[in-house]
Every structure is written in C-alpha cells, then in structure tokens.
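Colleague: Give me a 3D structure for the following:
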Amino acid sequence: MVNRKNQLKLANHQQQIARTLIDQQMWCWGCDVRRAEGNLLLGYGGKKRPSPNPRYKSAYVFQLQDDMTLNLWSWGLWIACPQHGSLFLGRSRFRLCYIRETISIPNAWSKRDLALTEMPLTDDDRLHAHHLLTVALRWIGDYEAWVGAEVEPEYRENALTKWPQRKRNKGGIPASEMADSWYDLSTSIIN
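Modeller: Model prediction:
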C-alpha cells in the first residue's frame, strides 16, 4: 500500500512538467523498443527481461554506476542502490515512492507486485530518495541525449506526433528539449 507518507514532491511549478515528461518518455521508450532498425533500449545497454506471463510486457534492466540498477516497465521506473534503498517512479502522474530495502531487480510485472509499503520518511530516507531520483532523472536525460546523437534527427519528433496524450498535454515537450528538461527537473526536487 502506498500513501503520501513515503512519497517525495517536486516544486509546484515543476509538477505538471514532470507529469507530462514521464508519460511522454514512457511512450517514447515503447517506440524505441518497437523501432524497426533495432531496439534502442538494448542499444543503450539494457537487458530485456521477458515476462513469464504473456499478457504482461517485458522489463528492461540497466546496470549503473555504484552498484545501482534501473528497471523499466511500460508503467514505471525502479532504481535501487545498496547504500540508498529503492525508489519507484510511476508513469501515472509522476508518483514517487521510496523504500529502505534495496531490491535490485524486482520480480514485478505490474505496480501491485512491487514491495511498496506505508512508512513515514525520515530525513535520511529523504536524502537517499533524493539521490536516487536525481540519478534516475539524469540517466533519462543522458539517454535522451544519446538518442538525439544516435538516430536520425526527426526520429523522436515523429514518435511524439503519434503520442496519444499529446493534445491533452498541449503538445508535450519538444524532442529537442527532452534531455535538458530531464536535467532541469533533476535540480527541482524538494527534500
């Protein structure tokens, strides 16, 4: 069960940008997986973890510095580090949830499979969660910068024109600004 006691917040002016960015990014990752010229998540070093149940989509796992592991599903991102615990970033409304336990590769195929429990965050928890979130947001920015350098210039913009939530999100964030938007967001986190 998740409640607000173990969630982090962003500055108010960044919350709408964060909501748009995460939904847009998840859409783009889906496009990157289905790319005819090759799966970009695999090209960026991810390892595909097929779901044991065909009704769920695969997960992708990335090994980061300092024994950190980042997991991607179509419904969220999980980052874990032995010194910092684990953090979940949900696609829906940029919801964040921190736990002290380090679970590098969760056996999860839907959000309800994650080990998210109620607990109030201590000051130390907030520092650990802040660190994990900052690393995750910068990693996404690095990924988007890599995509911009790796593929044809119009690739990401073409993917965004097909994004079903584009109109609702007033066009979203332009492809050329996605990496910088993630970097900017990483500096807007409130402890």
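Colleague: Quick one: residues contacting the spatially closest residue to residue 131 that is not a sequence neighbour.
Modeller: If the residues on either side of it in the chain are set aside, residue 131 comes closest to residue 84, at 5.5 Å by Cβ to Cβ, 6 or more residues apart in numbering. C-beta here means a position set from N, CA and C on the backbone, and glycine is covered the same way. For residue 84, the contact set (Cβ atoms under 8 Å, 6 or more residues apart in numbering) comprises 102, 128, 129, 131, 132.
Colleague: so where is the protein shaky, pLDDT-wise?
Modeller: 1-13, 118, 190-191 (pLDDT under 70).
Colleague: need the helices for it, in chain order.
Modeller: Taking DSSP state H, the helices of the chain run over residues 12-34, 40-43, 123-150, 155-161, 178-186.
Colleague: Can I get these in JSON lines including mean neighbour count?
Modeller: Converted to JSON lines, those look like this (neighbours: other Cβ atoms under 10 Å):
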{"stretch": "helix 12-34", "mean neighbour count": "18"}
{"stretch": "helix 40-43", "mean neighbour count": "18"}
{"stretch": "helix 123-150", "mean neighbour count": "18"}
{"stretch": "helix 155-161", "mean neighbour count": "16"}
{"stretch": "helix 178-186", "mean neighbour count": "20"}
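Colleague: any chance of those helices in JSON lines, with distance to residue 172 too?
Modeller: Shown next, in JSON lines, are the helices of the chain (distance: least, Cβ to Cβ, whole Å):
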{"stretch": "helix 12-34", "distance to residue 172": "5"}
{"stretch": "helix 40-43", "distance to residue 172": "19"}
{"stretch": "helix 123-150", "distance to residue 172": "13"}
{"stretch": "helix 155-161", "distance to residue 172": "6"}
{"stretch": "helix 178-186", "distance to residue 172": "9"}
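Colleague: Just tell me which of those ends up closest to residue 65.
Modeller: helix 123-150 (8.4 Å; Cβ to Cβ).
Colleague: Packing partners of the closest one?
Modeller: helix 12-34, helix 40-43, strand 76-81, strand 85-90, strand 95-99, helix 155-161, helix 178-186, strand 189-190 (3 or more Cβ pairs under 8 Å, 6 or more residues apart in numbering; DSSP states H and E).
Colleague: end-to-end on stretch 150-162?
Modeller: Distance between the two ends of stretch 150-162: 21 Å, counting by Cα to Cα, to the nearest Å.
Colleague: Having no further points to raise, I will conclude here.
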